[in-house]
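Enquirer: I would like to see how this sequence folds:
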Amino acid sequence: MEDHILESTLTPVERKFLDLMRHGDNFFRIELLRPAKSYYQKALELNLETDKVKQKIADCDRLLAFEVKIIWILVAIAALVVLAIYLF
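Expert: Next up is the predicted model:
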């Protein structure tokens, strides 16, 4: 009830911003980083709480970079295993 009263006092832009951030946070929570980042970028375009949104985007970028690093490590290990199988 309190959220409803609070949201009724917001401008349409503020409501859209909160909606985009909620979607981004929901995706982030379940580790769907690309959709989360997309929602955060849309929220950033509204120029509200830009520092907070930029931090959320940076968090997504950091975790996505880690994800890519892990994938490359797994690919290298898989290549070594395949190479070992063929050599021995």
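
Enquirer: CA atoms for contacts and neighbours, from now on please.
Expert: Noted.

Enquirer: Can you name the residues in contact with stretch 38-48?
Expert: Residues outside stretch 38-48 that contact it (Cα atoms under 8 Å, 6 or more residues apart in numbering) are 13-14, 16-17, 20-21, 23-24, 50, 53-54, 56-57.

Enquirer: of those residues, buried ones?
Expert: Glu14, Phe17, Leu20, Met21, His23, Gly24, Val53, Lys54, Lys56, Ile57 (16 or more other Cα atoms under 10 Å).

Enquirer: now the fifth one: how far from Tyr39?
Expert: Here the criterion is Cα to Cα, to the nearest Å. By it, His23 lies 7 Å from Tyr39.

Enquirer: So which residues of the protein form helices?
Expert: Secondary structure of the chain (DSSP state H): helices at 2-8, 12-29, 33-44, 50-87.

Enquirer: Could you export the ones you listed as a markdown table, including mean pLDDT?
Expert: Formatted as a markdown table, the helices of the chain follow (pLDDT from 0 to 100):
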| stretch | mean pLDDT |
| --- | --- |
| helix 2-8 | 60 |
| helix 12-29 | 96 |
| helix 33-44 | 97 |
| helix 50-87 | 95 |
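
Enquirer: May I see the buried residues of stretch 33-49?
Expert: Those would be Leu33, Arg34, Pro35, Ala36, Lys37, Ser38, Tyr39, Tyr40, Gln41, Lys42, Ala43, Leu44, for stretch 33-49 by 16+ other Cα under 10 Å.

Enquirer: ok, for the fourth one, nearest residue in space, not its chain neighbours?
Expert: Looking back up the chat, that one is Ala36. Gly24 (4.1 Å; Cα to Cα, 6 or more residues apart in numbering).

Enquirer: and of the buried ones among the contacts of stretch 38-48, the nearest to Val75?
Expert: Ile57 (26.8 Å; Cα to Cα).

Enquirer: what sits against the closest residue to the closest one other than its chain neighbours?
Expert: Leaving aside its sequence neighbours, Ile57 sits nearest to Lys37 (Cα to Cα, 6+ apart; 5.6 Å). Lys37 makes contacts with Gly24, Lys56, Ile57, Cys60, as judged by Cα under 8 Å, 6+ apart.
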